[in-house]
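>>> A structural model of the following input is requested.
(one chain, ligands or ions: 1)
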Amino acid sequence: MITLKDIQEARTRIQQVVYETPILQSEQLSKLCGNQLFLKAEHLQKTGSFKIRGASNMGIHAIENGAEYVTTASSGNHGQAVAYVANRYGIPSTIVVPENASQCKINAITGYSGLVEKCGTTSGERLPRAQQIATEQNGVYIPPYDDPLIMAGQGTVGLEILQQLSNIDAIVVPIGGGGLISGILTAVKETNPAIQIIGVEPELANDTYLSLQNKKITAIPATNTIADGLRTNQPGDLTFPVLSKYLDDLVLVSEEEIRMAFSIVLERTKQLIEPSSATTIAAALYGKLNLQGKNIVTLISGGNVDIEHVDKLIVDTTTFVQ
Ligand SMILES: *Cc1c(COP(=O)(O)O)cnc(C)c1O
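Got it, this is the predicted structure:
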């Protein structure tokens, strides 16, 4: 398992690359939730999500150890982050994406000078291809979550929150493969175990919820939740033990609750966040956290949405009832 020291080292390694993102507050949102709410604004991070933290930690480490090429197999935020890091350090990258990847995601990757290769429709096809290119090019394959360097990099957001805020009772974090929350758990529980860490998953992607219940990694079938950063269908071999050890609670939110949270955040705070991040606000808005009156940080993990599809996420906020 990773330690606090790994995360401190990551922080030093990546400090030239990542922003220290602000903490946003909205009185209206806090009132609606019945909490003092602090939004950790990783949608304002470079490349639009926290994924740059893990990708830069592993990427810089690889380059320091002689890598001349990096690859990954994600069309989403992780793919953009890997392309950004490679470009920043002047090495090429190939991001292997599904045949049906949206043009907007492809443009984001090529905008950071990443090479895009289309391959199949499943991660079972893409992943071996990305690994093969890495081997051929004297490079390194950078996985999205299940690696100690990735987890430690994501954990730096936990250290940042601890420095920016005192007197917080809980941090609420979305869970996909679990890289983000396992890093935050390690950073926070090894510093101040009194702070509760609560995970959130969509009901449609409840693989970690089921795995914790079954006390072993449990896979679910492919899912199409609107929270596209959380569609992973099982927790990682390295991330899951950290969650099992430290996680205080895990709550589930419905697609409608995610849409409502997305719409209320846009309306009240004017922030465009992605559905994966709206899950944490949904958990607070719908009273799922059992933390009424407490000081809560909701992790806004990213803000990358296909702008032409935003209308599909918006609902009538006047119908909100807790
Ligand atoms: C990847 C991602 C997540 C989930 O992170 P994991 O490390 O896979 O748990 C949450 N939100 C956004 C915006 C993401 O890109």
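>>> all helices of the protein, in order?
In the chain, the helices defined using DSSP state H lie at 4-14, 27-33, 51-64, 77-88, 103-111, 123-136, 148-164, 179-189, 207-214, 239-246, 255-269, 275-285.
>>> report all helices and strands that the shortest one contacts.
Read it as helix 27-33. Applying 3 or more Cβ pairs under 8 Å, 6 or more residues apart in numbering; DSSP states H and E, one finds that helix 27-33 contacts strand 36-41, helix 255-269, helix 275-285. Placement of C-beta: from N, CA and C, glycine included.
>>> for the ligand, find the nearest of the ones you listed.
Evaluated over these, closeness to the ligand peaks at helix 275-285, with 3.6 Å, by Cβ to the nearest ligand atom.
>>> rounded mean pLDDT for the closest one, please.
Average pLDDT, helix 275-285: 98.
>>> same thing with stretch 96-112?
pLDDT averaged over stretch 96-112 gives 91.
>>> residues of that stretch that come out buried?
Neighbour counts using 16 or more other Cβ atoms under 10 Å place Val96, Val97, Pro98, Ala101, Lys105, Ile106, Ala108, Ile109, Tyr112 of stretch 96-112 among the buried residues.
>>> outline the domain layout of this structure.
As given by automatic domain parsing, the domain ranges for the chain are 4-50+147-321, 51-141.
>>> returning to what we had before: any chance of the helices of the chain in a markdown table, plus distance to the ligand?
Shown next, in a markdown table, are the helices of the chain (distance: least, Cβ to the nearest ligand atom, whole Å):
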| stretch | distance to the ligand |
| --- | --- |
| helix 4-14 | 14 |
| helix 27-33 | 19 |
| helix 51-64 | 5 |
| helix 77-88 | 4 |
| helix 103-111 | 12 |
| helix 123-136 | 13 |
| helix 148-164 | 6 |
| helix 179-189 | 3 |
| helix 207-214 | 8 |
| helix 239-246 | 7 |
| helix 255-269 | 12 |
| helix 275-285 | 4 |
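>>> now those helices as JSON lines including distance to Ile220?
Converted to JSON lines, the helices of the chain look like this (distance: least, Cβ to Cβ, whole Å):
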{"stretch": "helix 4-14", "distance to Ile220": "29"}
{"stretch": "helix 27-33", "distance to Ile220": "29"}
{"stretch": "helix 51-64", "distance to Ile220": "22"}
{"stretch": "helix 77-88", "distance to Ile220": "20"}
{"stretch": "helix 103-111", "distance to Ile220": "23"}
{"stretch": "helix 123-136", "distance to Ile220": "14"}
{"stretch": "helix 148-164", "distance to Ile220": "22"}
{"stretch": "helix 179-189", "distance to Ile220": "18"}
{"stretch": "helix 207-214", "distance to Ile220": "5"}
{"stretch": "helix 239-246", "distance to Ile220": "14"}
{"stretch": "helix 255-269", "distance to Ile220": "15"}
{"stretch": "helix 275-285", "distance to Ile220": "16"}
